[in-house]
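Undergrad: curious how this folds, go ahead:
(one chain, ligands or ions: 3)
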Amino acid sequence: MSTAERITVDQGHLHVPNHAIIPYIEGDGIGSDIWKASSRVIEAAVEKAYNGEKKIEWKEILAGEKAHQQTGEWLPQETLDTIRDYIIAIKGPLTTPVGGGIRSLNVALRQELDLYTCLRPVRWFEGVPSPVKRPQDTDMVIFRENSEDIYAGIEYEEGTPEAKKLTDFLQNEMGADKIRFPETSGIGVKPVSKEGTERLVRAAIEYALDEGRESVTLVHKGNIMKFTEGAFKQWGYDVAHNEYADRTFTWQEYDEIVERDGKEAANKAQDEAVAAGKIIVKDAIADIFLQQILTRPKEFDVVATMNLNGDYISDALAAQVGGIGIAPGANINYASGHAIFEATHGTAPKYAGQDKVNPSSVLLSGVLMLRHLGWGEAADLIENSMDKTIGSKVVTYDFARLMDGATEVKCSEFGDALIKNL
Ligand SMILES: NC(=O)C1=CN([C@@H]2O[C@H](COP(=O)(O)OP(=O)(O)OC[C@H]3O[C@@H](n4cnc5c(N)ncnc54)[C@H](OP(=O)(O)O)[C@@H]3O)[C@@H](O)[C@H]2O)C=CC1
Ligand SMILES: O=C(O)CCC(=O)C(=O)O
Ligand SMILES: [Mg+2]
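TA: Ligands and ions are numbered 1, 2, ... in the order given. Predicted structure coming up:
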């Protein structure tokens, strides 16, 4: 009889049994290849780290194409119920059609479970090829708001009665006179709330404090979208001022000191705050931020931003440290304890079933999961093995095409090499 048990949560604190059941969604496209390779490495690392004392029992749950084939549903209720019950899950990517068709199942999972933080650490591994000269300078952790913004899916197709009704309302009752082509516009709505912003920024500041990080940058396009992105910026600063006054120093405080006492006094206050171990909370407008992460990456650390900005920033930053094949993530609700770990990339359909792509994104999502469970020894083993394997230039196609003298291996063979090097 299996001794496996479910993970439980008590007031946000996880209780992880030694033999833990973890539900997984294999994913569409490349999902099956990367999951097979990664799950084997995770199992081997746990076995080696704890001599069999700790163990994961995977429990498959369905979503996406596999779910549709087997149950007729894209996201069965049973899948949501299982994640609710088992608290922690890991998933491969799921396809979302562009234009029409079903809405994103990835977004639906985050919304259904209210996994409001999308945490995406971006760091370089020794030896990974990168388009920038000093990839080691990029070490950031993205906190992407995961529950609102235009991902709420409130949009109406051009030419429909709903789009016309909303356009008429905006023009006739709200005085919106800048809809350039009202007869042929699709209309989308972008909700951004104070509560949603506060819980995300709070999580980012808590993380920065716990992990000894230097700054939290609020990234927004608040000059143009004043009451959504601009409000995000101000609510973010307010969290720092109202809840973390003794542990943060903000650029708004800096500006106030400049106004009152001059720049020298402000610089002195900031230096003293840094010396006292306070976190600097600052902000950047999204367009220039995308330049500065390339030109001055050392100046950024924890990044807190809204859903769409976070989506773009995730892939842009991934490129700086070797690409989307090595970009992990986690979707977390810090209050309920629920979390789904998943790669940043998608289903890469042109590589589906070829045993070709890099499994590192989902594997490193597993590493994040192991750390989240308190199984850091197994996580360390995997990261060290990645260093060793990539250092010996045994890599999948994505790295091989940018490396001189690399040995290109398949997805499954990269998994084998990682297990050998654990
Ligand atoms: N969380 C999720 O489940 C996500 C789902 N998606 C969905 O995935 C589908 C495809 O999206 P698409 O825009 O093509 O983006 P993808 O991230 O799926 O793929 C884009 C490109 O990224 C590279 N890539 C992706 N994964 C890997 C990997 N594991 N190893 C190496 N290279 C990789 C490949 O680059 P190259 O061509 O240069 O070799 C690939 O062609 C869409 O339906 C989209 O909605 C997208 C993002 C996240
Ligand atoms: O849900 C999708 O299809 C895309 C999601 C995405 O790009 C992301 O979460 O980074
Ligand atoms: Mg994305």
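Undergrad: quick one, what contacts residue 113?
TA: Taking CB atoms under 8 Å, 6 or more residues apart in numbering, we find residue 113 in contact with 80, 83, 84, 331, 333, 336, 338, 340. From N, CA and C alone the C-beta is placed, and that goes for glycine too.
Undergrad: tell me how many other residues surround residue 133.
TA: 7 (other CB atoms under 10 Å).
Undergrad: is residue 73 in contact with residue 67, as I believe?
TA: Yes. Taking contacts as CB atoms under 8 Å, residue 73 lies within contact range of residue 67: 6.0 Å.
Undergrad: these two - which one has more neighbours?
TA: More crowded of residue 73 and residue 67, by other CB under 10 Å: residue 67, with 21 against 13.
Undergrad: for residue 27, see how far away that one is.
TA: As judged by CB to CB, to the nearest Å, residue 67 and residue 27 stand 11 Å apart.
Undergrad: residue 100 too?
TA: Distance, residue 100 to residue 27, by CB to CB: 22 Å.
Undergrad: these two: who's more crowded?
TA: Each of residue 100 and residue 27 has its neighbours counted (other CB under 10 Å); residue 27 has more, 27 against 6.
Undergrad: did I read that right, that one in a helix?
TA: No. Assignment of residue 27 by DSSP: H, G, I helix; E, B strand; the rest coil gives coil, placing it outside any helix.
Undergrad: mind listing what the closest residue to it other than its chain neighbours touches?
TA: Distances taken as CB to CB, 6 or more residues apart in numbering place residue 92 nearest to residue 27, at 2.1 Å, with adjacent residues excluded. By CB under 8 Å, 6+ apart, the contact set of residue 92 is 24-28, 30-32, 34-35, 342-343, 362.
Undergrad: pLDDT at residue 92, what is it?
TA: At residue 92, the pLDDT value in this model is 97.
Undergrad: distance of it from residue 225?
TA: Separation of residue 92 from residue 225 (CB to CB) stands at 33 Å.
Undergrad: residue 289 too?
TA: For residue 289, the distance to residue 225 equals 15 Å [CB to CB].
Undergrad: from residue 109, how far out is the residue nearest to residue 27?
TA: Noted for residue 92: a distance of 12 Å to residue 109, by CB to CB.
Undergrad: for ligand 1, see how far away the residue nearest to residue 27 is.
TA: With distances taken as CB to the nearest ligand atom, to the nearest Å, residue 92 is found 7 Å from ligand 1.
Undergrad: now that residue: phi and psi?
TA: phi -90, psi 180 (degrees, to the nearest 10).
Undergrad: same thing with the one 10 residues further on?
TA: Its backbone dihedrals place residue 102 at phi -60, psi 150, with angles given as degrees, to the nearest 10.
Undergrad: could you pull up the residues touching it?
TA: The contact partners of residue 102, taken as CB under 8 Å, 6+ apart, are 74, 96.
Undergrad: tell me the secondary structure for the closest residue in space to residue 152 that isn't next to it in sequence?
TA: Computed as CB to CB, 6+ apart, the closest residue to residue 152 that is not its neighbour in sequence is residue 191, at 5.4 Å. Secondary structure assignment for residue 191 (three-state DSSP): coil.
Undergrad: go on, residue 58?
TA: Here residue 58 is recorded as strand under three-state DSSP.
Undergrad: for the residue of the chain found nearest ligand 1, list the residues it contacts.
TA: Per CB to the nearest ligand atom, the residue of the chain with the smallest distance to ligand 1 is residue 346, at 2.2 Å. Counting by CB under 8 Å, 6+ apart, residue 346 touches 29, 93, 95.
Undergrad: how far away is it from residue 205?
TA: Applying CB to CB, the value for residue 346 to residue 205 is 30 Å.
Undergrad: now swap in residue 27 and tell me
TA: 32 Å.
Undergrad: with residue 34 instead?
TA: Using CB to CB, one gets 33 Å for the distance from residue 34 to residue 205.
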